[in-house]
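Asks: generate coordinates for the sequence data below:
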Amino acid sequence: MQGNDAQYQKMIQTPIPKLVTSLAVPTMITMLVTSVYNVVDAYFVSKIGTSASGAVGIVFSMMTIIQAVGFTVGMGAGSVISRLFGEKEEKKAQQTASCALFSSVILGIILSVFGIVFLEELMVLLGATETILPYAVDYAKYILCVAPVMTASFVLNNLLRAEGKTKLSMVGIGCGSILNIGLDPLFIFSLDWGICGAAAATAISQCISCLILFLFFLRKKTIIRFSIKNLSANLSLYKEFIGNGMPSFFRQGLAGVASVTLNRTAAYYGDAAVAAMSIVGKVFMMVYCVLIGFGQGYQPVAGYNYGAKKYDRVRLAYRFMMVAGTVGMTLFGVLLFAFASVLMRQFVSDDTKVTEIGTYALRFQCAVMPLLPLGIACNMTFQAVGQSVKAAFLASCRQGVFFLPLILVLPNIFGITGMEISQPIADAATFLICLPIMHKFMANLCDS
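Replies: Reported below is the predicted structural model:
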């Protein structure tokens, strides 16, 4: 209990810039290493051929769906647990953690079985062309086998963040990602396994990462303790953390739907367009994941202090995130805009069409990068304070409410340029929606 009290005091008394930074930096490193692995994975697979590179984009859509389930349970439980620790409701926090981990494994098994049974049909549905399909099937079957491990990892990761143990989270996820980067060239080229080697490297690294995360809990380096005794048949408990995780489901799930729709739109313009948008997506996510990592460092601070009724600290944490996030994303945007063409050539030096399409798409996205922090701050804040309906709506805006209609309409008007500008326009529209909503919430919070 003494350790629990120390953690509580840390979360409600440490100066906000120092606290948010100390929690966010390990999370940002974790997200950066993970996204670097995704880019490196795409880089090595691109050496097999354009169709293989396109297959990575197709399977990434499927992985987004798996992530949506993991994040729904993990971030939902994490935000509930942060508030419970802030309110000193430790017993309920422990129950929530055990039930969340159990739920994630069951849901992962369901995804795995369904995906393997309907594998080829699923790949076609996700946008695989006739030439991309064989590569996509080979890659996806490995990923589906470890779907329960992936969903469990997301929960373990978010539970560590919920209690402020972001350094442990960084070690677990980072080790798996670094291992993946090392195994990719070994399996793909040295052992000549081709795209199956990339998939096997990912599957093995996911298992190792999950094991490391779970060992932290077993070795009692955390406040949370998993126990069969903490499993509950009380549906209201599951409803609370799953309901609170619905913003993550909408955010990640709609990202998957958006990715599928983008793949199918790009397929109309050929494998080069599919490959180009896949590469752009990986590069952009490398930057966007850093921002998400910063937001995930901010979220437990908001949750703890909201639960402890320290509303002034919630407001200060939000302002700190907005300033730091906007400055960081502006710098990233300028750098990526300047080097977009050079970066694309590193992946596909022998295919000028892929380079051309990707360069334009990446530069359009860079133009709106300074607007992205507000959307993340809104999602994380409303999820942290338990306003899940509002958080779910805001999470749906970027790739649901705005992107999906735009990607269906704009290519018909502007051709391939319409495909390239759909996401940037959706990001700008999301910013305009979030601005008054967040301003009103913070103004009311001041008066609480």
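Asks: where does pLDDT dip in the stretch 251-400 of the chain?
Replies: By pLDDT under 70, the weakly predicted segments of the stretch 251-400 of the chain are 349.
Asks: just the strands from it, written as ranges.
Replies: Using DSSP state E, counting those that start in this stretch, the stretch 251-400 of the chain contains no strands.
Asks: what residues are up against the closest residue to Thr27 other than its chain neighbours?
Replies: In this structure, Thr27 finds its nearest non-sequential neighbour in Gly293, 4.2 Å apart by Cβ to Cβ, 6 or more residues apart in numbering. For every residue, glycine as well, the C-beta is placed using N, CA and C. Contacts for Gly293 (Cβ atoms under 8 Å, 6 or more residues apart in numbering) come out as 24, 27-32.
Asks: which pair in the residues you listed spans the largest distance?
Replies: Put simply, by Cβ to Cβ the two of the contacts of Gly293 set farthest apart are Ala24 and Leu32, 11.6 Å from each other.
Asks: which one of the two is surrounded by more residues?
Replies: Ala24 (26 against 17; other Cβ atoms under 10 Å).
Asks: and the more buried one, how far is that from Ile223?
Replies: Computed as Cβ to Cβ, to the nearest Å, the Ala24 to Ile223 distance reads 20 Å.
Asks: one step back: out of the contacts of Gly293, which are inside helices?
Replies: If you go by DSSP state H, the contacts of Gly293 have 24, 27-32 in helices.
Asks: of all those residues, which comes closest to Ile109?
Replies: Nearest member of the ones in helices among the contacts of Gly293 to Ile109, counting by Cβ to Cβ, is Thr30, at 25.6 Å.
Asks: show the contacting residues for that closest one.
Replies: By Cβ under 8 Å, 6+ apart, the residues touching Thr30 are 157, 166, 169-170, 173-174, 293.
Asks: can I get these in a markdown table with distance to Ile204 and secondary structure?
Replies: Output for these, formatted as a markdown table (distance: Cβ to Cβ, whole Å; DSSP: H, G, I helix; E, B strand; the rest coil):
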| residue | distance to Ile204 | secondary structure |
| --- | --- | --- |
| Asn157 | 18 | helix |
| Thr166 | 25 | helix |
| Ser169 | 20 | helix |
| Met170 | 20 | helix |
| Ile173 | 15 | helix |
| Gly174 | 15 | helix |
| Gly293 | 24 | helix |
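Asks: about what we covered before: nearest to Val287 among the contacts of Gly293?
Replies: Leu32 (9.0 Å).
Asks: how about the contacts made by that closest one?
Replies: 286, 289-290, 293.
Asks: top of those by neighbour count?
Replies: Counting neighbours by other Cβ under 10 Å, Gly293 leads the contacts of Leu32 with 28 neighbours.
Asks: distance of it relative to Thr21?
Replies: In this view, Gly293 and Thr21 are 12 Å apart by Cβ to Cβ.
Asks: which element is the residue nearest to Pro300 when sequence neighbours are not counted on?
Replies: Distances taken as Cβ to Cβ, 6+ apart place Ser82 nearest to Pro300, at 4.6 Å, with adjacent residues excluded. Element membership of Ser82, judged by DSSP states H and E, is helix 50-86.
Asks: I'd like the mean pLDDT over that helix, please.
Replies: Mean pLDDT, helix 50-86: 84.
Asks: picking that back up, so who does the residue nearest to Pro300 touch?
Replies: Contacts of Ser82 were listed using Cβ under 8 Å, 6+ apart, and they are 162-163, 299-300, 303-304, 307, 384.
Asks: how far away is the closest residue to Val25 other than its chain neighbours from Ala266?
Replies: Using Cβ to Cβ, 6+ apart and skipping the chain neighbours, the partner closest in space to Val25 is Gly297 (7.2 Å). Distance, Gly297 to Ala266, using Cβ to Cβ: 34 Å.
Asks: kindly report the same for Val40.
Replies: From Val40 over to Ala266 the distance is 22 Å, taken as Cβ to Cβ.
Asks: thought Thr202 was touching Asn180?
Replies: Yes. Between Thr202 and Asn180 a contact is recorded at 5.9 Å, counting by Cβ atoms under 8 Å.
Asks: overlap in contacts, those two.
Replies: In contact with both Thr202 and Asn180: Asp41, using Cβ under 8 Å, 6+ apart.
Asks: so for Ala302, what's the nearest residue that isn't a sequence neighbour?
Replies: Ala384 (4.0 Å).
Asks: Gly307 is in contact with the one you found, correct?
Replies: No. Checked against Cβ under 8 Å, the pair Ala384 and Gly307 is beyond contact range at 9.1 Å.
Asks: what sits in contact with each of those two?
Replies: Joint contacts of Ala384 and Gly307 (Cβ under 8 Å, 6+ apart) are 82-83.
Asks: so for those two, which sits in the more crowded spot?
Replies: Ala384 (30 against 23).
Asks: which one of Val40 and Ala266 has more residues nearby?
Replies: Shown here are Val40 and Ala266; by other Cβ under 10 Å, Ala266 has more neighbours (28 against 18).
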